[in-house]
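J.: My questions concern the predicted model and sequence given below.
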Amino acid sequence: MKFFIDTANLDQIKEAQDMGILDGVTTNPSLMAKEGISGTEKVKQHYIDICNIVDGDVSAEVISTDFDGMIREGEALAALHEQIVVKIPMIKDGIKAIKYFSSKGIRTNCTLIFSAGQALLAAKAGASYISPFLGRLDDVSTDGINLIDEIRMIFDNYFFETEILAASIRHPMHIIDCAKIGADVMTGPLNAITALLKHPLTDIGLAKFLEDHAKNN
Ligand code: E4P
């Protein structure tokens, strides 16, 4: 399973990259705003800065909601760097834009997926990734993991090459559950990723090993 980090924070991206386990980055307009990045040129430069930190794919989201606007924006984003994947919202014009980009060899990530039907449409249009939002489904008492399971079955039935990018990850169990189901990618915050490191028995065991070593040296 590929690990993407879901942030526009350069320090956190560097920290995950330094661990050697990072395969890419996802961002969205809210995450950009959280870092105080605004204005077209600054946003573009920030995407380039992210691409220069990581080796893998970097999702850059369009703001337009009409076909022409999405094409204009997406082409400009894709031209920034070869690692850029154009993030397109799950709306009718978005599906048309994904189809267009697919025919031009520009990779896309269809975002704001909340149902298996939406995932199927985006895959048929040729999306490189689809992003089902687990955490936000859980927030409204709907099983987000179940959605990943349904999409996995549908994509396997028809050999879709579209990758399932499990998004809106909130905690380490989301990551484990996605790995069990066979999500291709997960994107989450740094604290959900580093939480995978932790186990109290590891800490107790290491402390004991070091204590015993110190006694004999
Ligand atoms: C996906 O690419 C989105 O950026 C993200 O995962 C949304 O997560 P949130 O529900 O924690 O905002």
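T.: Sure thing, it's come through.
J.: List the contacts of the nearest residue to Asp57 once chain neighbours are set aside.
T.: Counting by CB to CB, 6 or more residues apart in numbering, Gly24 is the residue found nearest to Asp57 once chain neighbours are left out, at 4.1 Å. Using the backbone N, CA and C atoms, a C-beta is placed for each residue, glycine as well. By CB atoms under 8 Å, 6 or more residues apart in numbering, the contact list for Gly24 reads Lys2, Phe4, Ile5, Val54, Gly56, Asp57, Val58, Ser59, Gln83, Val185, Thr187.
J.: Sort out which of those are in strands and list them.
T.: Applying DSSP state E to the contacts of Gly24, the entries found in strands are Lys2, Phe4, Ile5, Asp57, Val58, Ser59, Val185, Thr187.
J.: By neighbours, which of the residues you listed wins?
T.: In terms of neighbour count, Ser59 stands highest of the ones in strands among the contacts of Gly24 at 30 neighbours, by other CB atoms under 10 Å.
J.: pretty sure that residue contacts Thr108?
T.: No: the criterion here is CB atoms under 8 Å, and Ser59 misses it with Thr108 at 9.1 Å.
J.: list the residues that contact both of those two?
T.: Val85, Val86, Lys87, Tyr129.
J.: ok, of these, which one's closest to Ile63?
T.: Lowest distance from Ile63 to the shared contacts of Ser59 and Thr108 (CB to CB) belongs to Lys87, with 10.4 Å.
J.: so what strands line up beside the helix or strand hosting that closest one?
T.: Lys87 is part of strand 84-89 when elements are defined by DSSP states H and E. Using DSSP bridges, strand 84-89 pairs in its sheet with strand 57-61 (parallel), strand 108-113 (parallel).
J.: Only alpha carbons, please: show whichever helix or strand comes after it as CSV.
T.: Downstream of strand 84-89, the first helix or strand assigned by DSSP H and E is helix 92-103. This file holds the C-alpha atoms of helix 92-103, laid out as CSV (Å, rounded to 0.1, in the frame of the first residue of the first chain):
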residue,chain,number,x,y,z
LYS,A,92,-20.8,16.1,-13.8
ASP,A,93,-18.3,18.6,-15.4
GLY,A,94,-15.6,17.0,-13.3
ILE,A,95,-16.3,13.6,-15.0
LYS,A,96,-16.1,15.3,-18.4
ALA,A,97,-12.8,16.9,-17.4
ILE,A,98,-11.4,13.6,-16.1
LYS,A,99,-12.3,12.0,-19.5
TYR,A,100,-10.6,14.9,-21.3
PHE,A,101,-7.4,14.7,-19.2
SER,A,102,-7.3,11.0,-19.5
SER,A,103,-7.3,11.3,-23.3
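J.: From the contact counts, what lies against helix 92-103?
T.: Counting contacts by 3 or more CB pairs under 8 Å, 6 or more residues apart in numbering; DSSP states H and E, helix 92-103 packs against helix 67-80, strand 84-89, strand 108-113, helix 116-125.
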